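>>> Need a 3D model of the following:
(chains A and B)
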Amino acid sequence: MNRYIIAVYVENKYGVLARVTGLIMRKGFNIDSLTVGETDDPAYSRITITLQGDDYAREQMVNQLKKLYNVKNVTLLDRENTVERELTMIKINNTPANRAEVMAAAEIYRAKIIDYSVNTLCVEITGEPSKINAFINVMKPLGIVEMCRTGAVALERTRAITEE
Amino acid sequence: MNSNESMRISGSRIVIETLIEQGVTDVFGYPGGQVLNIYDELYKASDRINHVLAAHEQGAAHAADGYSRVTGKVGVVIATSGPGATNLVTGIATAMLDSIPMIAITGNVPTSLIGKDSFQEINITGVTLPITKHNYFVTDVSELADTIREAFQIAKSGRPGPVLIDIPKDVQIAECDFIPQGVVPCLPQKEASDADIDRAVELINAAERPYIYIGGGAAGRGMTKDIMALAEKIDGYIGCTFMGLSALQNSYERFLGMQGMHGRYASSMANKEADLIIGVGVRFSDRATGNVAKYAKGAKIIQLDTDLSEINKNVKVDIGLIGSIVSSFERILARCEAKKHPAWCETVEGFKDRERRIADKAEQKAGDAMTPKKIFDIINRIKDENTIIATDVGQHQMWTAQYVDFEKPRRFASSGGLGTMGYGLGAAIGAAIATGDRTVLITGDGSFGMNLNELATAVTYNTPVVIVIMNNGVLGMVRQWQTLFYGGRYSNTVLGRKTDFVKLADAFGAEGCRVFTPAQFEEAFTKAMNHPGPYVIDTFIDRDEFVLPMLPPGGSIDDMITEKKEGADK
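Numbering: from 1, shown residues only, chains lettered A, B, ... in the order given. Here you go, the predicted structure:
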C-alpha cells in the first residue's frame, strides 16, 4: 500500500464533480481526500485526490478517470518532486489552563489563532498532512470542540500537468 | 431543409433536424407530457424519419439496441420524463455493458420546475451516470444541436456506448438559429507504439501453443478475414467470448467457439493449455475466464483494446496494445512469422474429438426426446445466412451460443454483460425493422414473460419475428444451479403458470402453435419462417435439461462439469 496524489484537470461544467466522485464510488476506490477549485482559467477546475492503494488501484484509478469526457488530464504526481499543502481549522476550548499551551503550540507549528472568543479559540494551520496530524494530536488532549480539514492540494515543482 | 442556410427553429425541431443530419432514419420510443413538442416535430417530419412506437420504454430501448447491433449504426430511443426515462434504465445499462452505441433522448420538466419534485420529474442524468458513456442535461437551446452532435460522436467513437441527452420542455420550446451540418466523424483512436507491436510479435513468434481469443471489440468490425489469416499464419486456434460470437463462421476448422462458464469444451481446454493468449477486444470477463486466480497461469497474454482501462483490469497481461483494435491486429498479422505447431494442432484436435464424443453420448442417451440440440439442428438447417438470431437470458441463451451456426457478423443480438431477461423481443423487433430480415428470437418462458407486451409492437408493424419459446415451466438456469449447488431446493423457480402462449399470440393478433416433438418443431419452424408477421412457437422441453459444459462458480477450467450425473435432477 502506497499513498498517491492524483491531479485531475476537469471542465468546469454541470455535474462534473458528481461524475468523478461517482466513478470513485462505483469502482470501489478508497480515497483519503478530494479537493476541488477553479484554476487560472475559469473554464477548468482542478481536483486533487489522495488515496492509499496498490499498483492495481493506482493504475485503474488513473485509467478510469481518463475515460470521463469532462476530464481533460489525469496526472499521477511524482511525490518526490511535489509540494503538498492542506489547511485545517481547529476550534479549542478557551480555558485559562489551555490558552498558553495552544498559543505555544501554534507558535511552534506556525499556526495562527484566527478567532478568540470567551469560550473558544480557533486555530488555522497549513502544511503537509503529516504536520497537521501531529498538530491535531497535540490539540486533542486540550479538548477539540470541532475541526475542519480541506484535504490536500498539491503541485509538482516544475512540470505543469496540462503539458502532456 | 436542404440548404446550409441558417433557420430560426425550436429546440424540438432542432432535435429532429440534428437526428436526420446525423443519418438517423428510424427512432424508437414512447410519447409523454414532456416530449410532446418533440413528438409534434416527429409528426411533421414523418416523411423523413420513421418512429416506431413500442409498448413500453424498456422495449423501445432494447429495440434501439438491437437495431444498432445488426447495423453498426447508432440506435436512437426517445422517452418522456420521470417514469418514461426510468423505464429506459435497463435498456441503457444493457447497451453500456455490451458497448453498444445508442442515443437516449428524454424530455424533462421545464427548467423553472427542476429540483422541485414536480410531476414526472426525475434527475435522469444522475440516475444514468454510471450506465452511460456520457450524458447531458441541456439548459440552453443554443447548445442543443452541438450537444446532440457531440453525443453521436461519443456514442460511436472508440469503445462505443450509450449517451443520454435530457432536454427540459422550455428548452424544446425555445428557438434559436440552426445550420445543418454533416455526419460527425468518429474521434481518432490512438495507435499502439511500434515498440509494443514488436514485443507482441516477438511473443507470438516464440509461442508453441497460440490461442486467439476474440471478443465483442472484434466482432462486426470487418476483422473476420484477418483473424482467420493470423490463425493460419501462426498455426493457432481461435476461441471467443459470448460477445465475440458470430465474428467467425462456426464451420471454420480453427474456430472452437465460445469458452468459459458455459463455453464449449474444446475452446475452454485450448485456452487452458495455450502458452500464448492473444485477446482481441475482450475484457477477460469472469464468465469467460472462470476463477481469474487460476486463469492461464502458464501463458503469456497479449491484449488488444481501444479502452486503456481494460488493460490489466481483470487479468494482468504481458503486453497491452492500446489503440485501434483493427489496426493493431493488422500490424501484428503483417509482422509475425509463419509457423507450424503440429503438436499443438494434435492436442486441440483431440479436444475437438472429445467434445464430439461428449455431445454424441448425450444425444444417444436422449433418444428421440426433444433436446435443445435437436431444436438448434433444425433451426440451423432452415435458417439462411441473413437470418438474425436474438435471445433472452438463461439456458436457451447458452444453448444458442453453443449450437447456432453463425454465418456472418452482425446477425446476433443478445444481452451479454448485463444478462437482461426480457431483452430479446424488443431487440428482435429493432433488428428486424433495421434490416427487413427474418429474425428468430430464442427465448424461455421466464424471459418471454418479462416483456411479452412487445408482441403488440411486432403485430402493429407486422415485423417478421419468429419467437421460439423454449418452454420448460421453470427458470431453467437458476434451477440448474439449485440442482447442482443448492441441494435441489427449487426456491421460486418452478413457475407453474397456466399461460397459454398460443392463445396469447392470438390475443395480440399474432399466430402461433405448440410443439412437443422435433418433427412438429420442424414443421412449425418452416411455416413460421415463411409467415409474413410475428409467429410464436411454444416449444416444450424437459425442465431438467442442463447447459453443459459448466464451470462451477469460483471454479476454473479444471473443475469443468461435462456430463450430467445420474440422479442429479431428482
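>>> alpha carbons only for contacts and neighbour counts from here, please
Noted.
>>> show me what contacts the residue of chain A found nearest chain B?
Using C-alpha to the nearest C-alpha, the closest approach of chain A to chain B is made by A:Asn63 at 4.8 Å. Shown in contact with A:Asn63 (C-alpha atoms under 8 Å, 6 or more residues apart in numbering or on different chains): B:Leu308, B:Ser309.
>>> Could you do B:Ile302 as well?
Shown in contact with B:Ile302 (C-alpha under 8 Å, 6+ apart): B:Ala200, B:Leu276, B:Ile277, B:Ile278, B:Gly279, B:Val317, B:Asp318, B:Ile319, B:Gly320, B:Leu321.
>>> then the strand or helix carrying the fifth one to CSV, C-alphas only?
Assessed by DSSP states H and E, B:Gly279 sits inside strand B:276-280. Output for strand B:276-280, consisting of C-alpha atoms alone and laid out as CSV, is shown next (Å, rounded to 0.1, in the frame of the first residue of the first chain):
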residue,chain,number,x,y,z
LEU,B,276,0.1,-17.6,-25.6
ILE,B,277,-3.3,-15.9,-25.5
ILE,B,278,-4.0,-13.1,-27.9
GLY,B,279,-7.0,-11.3,-26.5
VAL,B,280,-8.7,-9.2,-29.2
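>>> which strands and helices sit next to it?
strand B:210-214, strand B:300-305 (3 or more C-alpha pairs under 8 Å, 6 or more residues apart in numbering or on different chains; DSSP states H and E).
>>> for the stretch 151-300 of chain B, what spans make up the helices?
Remark: helices assigned in the stretch 151-300 of chain B by DSSP state H, counting those that start in this stretch are B:169-173, B:194-206, B:224-234, B:265-273, B:286-289.
>>> Revised request: answer the last question for chain A.
Ranges of helices within chain A are A:16-26, A:55-66, A:96-109, A:129-139, based on DSSP state H.
>>> what is the rounded mean pLDDT of the longest helix seen in chain B?
Among the segments of chain B that qualify as a helix by DSSP H, the longest is helix B:342-366. Averaging pLDDT along helix B:342-366 gives 93.
>>> Now that helix: buried residues?
Neighbour counts over helix B:342-366 (16 or more other C-alpha atoms under 10 Å in any protein chain shown) mark B:Trp344, B:Cys345, B:Thr347, B:Val348, B:Glu349, B:Phe351, B:Lys352, B:Glu355, B:Ile358, B:Ala359, B:Ala362, B:Glu363 as buried.
>>> Quick one: distance of the strand ranked longest in chain A to the chain centre.
Determined from DSSP state E, the single longest strand within chain A is strand A:82-93. Relative to its chain's centre, strand A:82-93 lies at 9 Å (C-alpha atoms, centre = their mean, to the nearest Å).
>>> and if you look at stretch B:476-485?
Using C-alpha atoms, centre = their mean, the mean C-alpha position of stretch B:476-485 is found 24 Å from that of the whole chain.
>>> mind exporting that stretch as PDB, just the C-alpha atoms?
Only the C-alpha atoms of stretch B:476-485 are listed here, as PDB (Å, rounded to 0.1, in the frame of the first residue of the first chain):
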ATOM      1  CA  GLY B 476     -34.100 -23.300 -16.000                       C
ATOM      2  CA  MET B 477     -30.700 -21.700 -15.400                       C
ATOM      3  CA  VAL B 478     -31.400 -20.900 -11.800                       C
ATOM      4  CA  ARG B 479     -32.900 -24.300 -11.400                       C
ATOM      5  CA  GLN B 480     -29.700 -25.900 -12.800                       C
ATOM      6  CA  TRP B 481     -27.700 -24.100 -10.100                       C
ATOM      7  CA  GLN B 482     -30.200 -25.100  -7.400                       C
ATOM      8  CA  THR B 483     -29.900 -28.700  -8.600                       C
ATOM      9  CA  LEU B 484     -26.100 -28.700  -8.600                       C
ATOM     10  CA  PHE B 485     -25.300 -26.300  -5.700                       C
END
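>>> That one - what's its average pLDDT?
96.
>>> With stretch B:6-19 instead?
Averaged over stretch B:6-19, pLDDT sits at 97.
>>> Stretch B:283-300 now?
The model assigns stretch B:283-300 a mean pLDDT of 89.
>>> go on, stretch B:420-438?
Rounded mean pLDDT across stretch B:420-438 is 98.
>>> how about it: buried residues?
Here stretch B:420-438 shows B:420-434, B:437-438 as buried, counting by 16+ other C-alpha under 10 Å.
>>> Narrow those residues to those in helices?
Per DSSP H, the buried residues of stretch B:420-438 map to helices at B:Gly424, B:Leu425, B:Gly426, B:Ala427, B:Ala428, B:Ile429, B:Gly430, B:Ala431, B:Ala432, B:Ile433, B:Ala434.
>>> and chain A, which residues reach chain B?
Applying C-alpha under 8 Å from any C-alpha of the partner chain, we find that chain A lies next to chain B at A:Arg19, A:Gly22, A:Leu23, A:Arg26, A:Tyr56, A:Gln60, A:Asn63, A:Gln64, A:Lys67, A:Leu68, A:Tyr69.
>>> Got a PyMOL select line for the buried ones in the residues you listed?
Restricted to buried positions by 16+ other C-alpha under 10 Å, the PyMOL selection for the residues of chain A next to chain B reads:
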select buried, chain A and resi 19+23+60+63+64+67+68
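>>> Which two among the residues of chain A next to chain B are spaced furthest apart?
Farthest-apart pair in those is A:Tyr56 and A:Tyr69; separation 22.5 Å (C-alpha to C-alpha).
>>> Dump the buried residues of helix B:342-366 to TSV, plus distance to B:Phe119.
Below are these laid out as TSV (distance: C-alpha to C-alpha, whole Å):
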residue	distance to B:Phe119
B:Trp344	65
B:Cys345	65
B:Thr347	65
B:Val348	62
B:Glu349	64
B:Phe351	61
B:Lys352	60
B:Glu355	59
B:Ile358	59
B:Ala359	57
B:Ala362	58
B:Glu363	58
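>>> Strand B:210-214 and the strand holding B:Gly279, what's the angle between them?
20 degrees (axes from the mean of the first three to the mean of the last three C-alpha atoms, to 10 degrees).
>>> Just the residues contacting strand B:276-280, thanks.
B:203-204, B:207-215, B:217-218, B:271, B:299-305, B:325.
>>> strands paired with it, and their directions?
Counting by DSSP bridges, the strands paired with strand B:276-280 are strand B:210-214 (parallel), strand B:300-305 (parallel).
>>> How many residues are close by the residue of the stretch 451-570 of chain B found nearest chain A?
Using C-alpha to the nearest C-alpha, the single residue of the stretch 451-570 of chain B nearest to chain A is B:Gly554, 21.0 Å away. By other C-alpha atoms under 10 Å in any protein chain shown, the residues close to B:Gly554 number 13.
>>> Where does it sit: helix, strand or coil?
Following DSSP: H, G, I helix; E, B strand; the rest coil, B:Gly554 is assigned to coil.
>>> same check, this time on B:Leu455
Assigned with three-state DSSP, B:Leu455 falls in the helix class.
>>> Now it: closest residue in space that isn't a chain neighbour?
Once flanking residues are discounted, B:Leu455 sits nearest to B:Phe508: 6.5 Å by C-alpha to C-alpha, 6 or more residues apart in numbering or on different chains.
>>> Correct me if wrong: that neighbour contacts B:Glu454.
No - using C-alpha atoms under 8 Å, B:Phe508 makes no contact with B:Glu454, being 9.4 Å away.
>>> Narrow the contacts of strand B:276-280 to just the buried residues.
Counted by 16+ other C-alpha under 10 Å, the contacts of strand B:276-280 give B:203-204, B:207-215, B:217-218, B:271, B:299-305, B:325 as buried.
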